[in-house]
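**Student:** missing the sequence, but the structure's below:
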DNA sequence: ATAATTAATGAACATTTTGTATTATAACAT
DNA sequence: ATGTTATAATACAAAATGTTCATTAATTAT
C-alpha cells in the first residue's frame, strides 16, 4: 500500500482522536478534522465516505484491540468460552476500554451520538454474553436477557468513563457482577 | 391565549407525531414538519426555537401524562412512595408508554437521537427508583445503582417498543423485576 | 533513469438545511 | 370599528456537506 495513503489515513485518525478529546463527535466538523490532520478536503473524502464512516472505522479499530482473541489463547490453549470465567473477561475488557477513555468521552457525552459507539460495541458484547444467557435459564425470553446484559454492561461502561474512571476495573466488575447476580462466575 | 396560536401549536405537534410514525427524528426536516402542519416557516420558528425544542416539549407532554401523580393519589389517599409497590408503578408506566409507542419508535430506531428521549425520561425514572436504591444497600455506590436501574428500565422499554410490544406490560414488568431482583417488591 | 500510475492539493461549486428578516394579510380582542 | 397580534409568503444569509477538476508531487513499473 502506498505510503502516502498510509500517512494520510493515519493523520486523519489521529486528528479525529485529538478532536474527540476536546469536543463531542456531533460538534466536530469535517473542516476541523482536515485542518487538524492537515490534509485537503477531497483527500478526506477519498478515504472516508462520511464522518460517520470515520467513526465506524475508529470503533472497529478499538474493538479489535479490546476484544483481542489472542489474549484468551495465550492464557489457555484449548480455550473454550463455556468454561471461561466471565468475570475475568469483563475485567479484561474494562482494562482495555480504559486505554481509549479519552476518545470515548467525546462519544458518550453527546446525547445524539453516544448510541453509535454502543451500536458497534453490541456485536462484540452479544458474543461475549451469549454463553452466559444459555446458562441463566430465566423465565424471560433469551432475546430479552441478552439485551439486558449487553445494555447493562455498556451503560456501566458509560457511567464509568464519564465519571473519569474513579473506580478500578476490578471494582466496576464487582458492581456489575454483584448486581445482575450472574451464575457460574467463579 | 389566542386561538390561532393554539391551533398552530397543535398542528405542529400533530404533524411532528405523524412524521415520527413514518420516519426517524434525525431524518425529519423542519421543512417536512411545516409542510405536514401546513404552517409557514417563520411561524414554526416563532413557536419552537429549534427542532430539538419541539422534541423536548413533546417528550415533556408524554411524561406528564405517563407519570401522572394523580393516579397515585386516586388509589390511596395518604400515599407515600416508600410504602408503594414499585412493581405496580412500573406496570403503570409501561401501560402509559404503550399509548405513545408509535411516536417512540421514530425516536428509538434512530441511533443518533434515541438518547435524547431517554435523557428527559431519566429525571422521572430517577425519582421513581430513588426510594428503591435506598433500600437495596448494595456494595456498589448509590450513584451506580440508580444509574443501573434507570438504564436497565429504559433499555427494557426500548427493547419492548422496538419489538412492537409483543408482551404485555405485566409480562415485561416481571422480566425486569425478576432480573434485577428488587427487594420489597411485593 | 524514465515513463506511467497513483495520490494529494486547492479551489471552486452545487446542494441541503437551518434560522432570520420583512412585508402584507387575516384573525382576534375590546 | 380599531388597534393588536399571529400568520403567510418570500427572500435571504450562513453553515456544512459532498463533488469536481486541473495541477502538482510521490510512488511504482519498466
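**Tutor:** Happy to help now that I have it. These numbers come from a predicted model, not from an experiment.

**Student:** I'd like the next helix or strand past the longest helix seen in chain A.
**Tutor:** When chain A is parsed with DSSP state H, its longest helix is helix A:114-136. Using DSSP states H and E, the helix or strand that follows helix A:114-136 towards the C-terminus is helix A:142-162.

**Student:** next, the angle from that following helix to helix B:142-162.
**Tutor:** In terms of direction (axes from the mean of the first three to the mean of the last three C-alpha atoms, to 10 degrees), helix A:142-162 departs from helix B:142-162 by 140 degrees.

**Student:** contacts for helix A:142-162, please.
**Tutor:** Contacts to helix A:142-162, defined as C-beta atoms under 8 Å, 6 or more residues apart in numbering or on different chains, come from residues A:90, A:94, A:97, A:101, A:104-105, A:108-109, A:114, A:118, A:121-122, A:125-126, A:129-130, A:132-134, A:136, A:138, A:140, A:167, A:172, A:175-176, A:179-180, B:144, B:147-148, B:151-152, B:155-156, B:159, B:163, B:175, B:179. For the C-beta atoms, the positions are set from N, CA and C on the backbone; glycine is no exception.

**Student:** would you list the buried entries among those?
**Tutor:** A:90, A:94, A:97, A:101, A:104-105, A:108-109, A:114, A:118, A:121-122, A:125, A:129, A:132-133, A:136, A:140, A:167, A:172, A:175-176, A:179-180, B:144, B:147-148, B:151-152, B:155-156, B:159, B:175, B:179 (16 or more other C-beta atoms under 10 Å in any protein chain shown).

**Student:** average pLDDT for the longest helix of chain A?
**Tutor:** Average pLDDT, helix A:114-136: 93.

**Student:** so what's the gap between that helix and the chain middle?
**Tutor:** In terms of C-alpha atoms, centre = their mean, to the nearest Å, the centre of helix A:114-136 is found 11 Å from the chain centre.

**Student:** count of neighbours near the nearest residue to residue A:134 once chain neighbours are set aside?
**Tutor:** The shortest distance from residue A:134 to any non-neighbouring residue, by C-beta to C-beta, 6 or more residues apart in numbering or on different chains, is to residue A:142 (7.7 Å). When counting by other C-beta atoms under 10 Å in any protein chain shown, one arrives at 13 neighbours for residue A:142.

**Student:** now do residue A:142, the pLDDT please.
**Tutor:** Residue A:142 is given a pLDDT of 96.

**Student:** how much space between it and chain B?
**Tutor:** For residue A:142, the distance to chain B (C-beta to the nearest C-beta, to the nearest Å) stands at 11 Å.

**Student:** helices and strands of chain A: which one bottoms out on pLDDT?
**Tutor:** When each helix and strand of chain A is scored by mean pLDDT, DSSP states H and E, helix A:69-75 comes last, with a mean of 57.

**Student:** after it comes which helix or strand?
**Tutor:** Helix A:69-75 is succeeded, C-terminally, by helix A:86-99 (DSSP H and E).

**Student:** now do the buried residues in that following helix.
**Tutor:** A:86-87, A:89-94, A:96-98.

**Student:** tell me the domain boundaries of chain A?
**Tutor:** A:3-48, A:60-180 (automatic domain parsing).

**Student:** contacts with DNA strand C among the contacts of helix A:142-162, please.
**Tutor:** Checking the contacts of helix A:142-162 against DNA strand C by C-beta under 7 Å from any atom of the strand, not one of them is in range.
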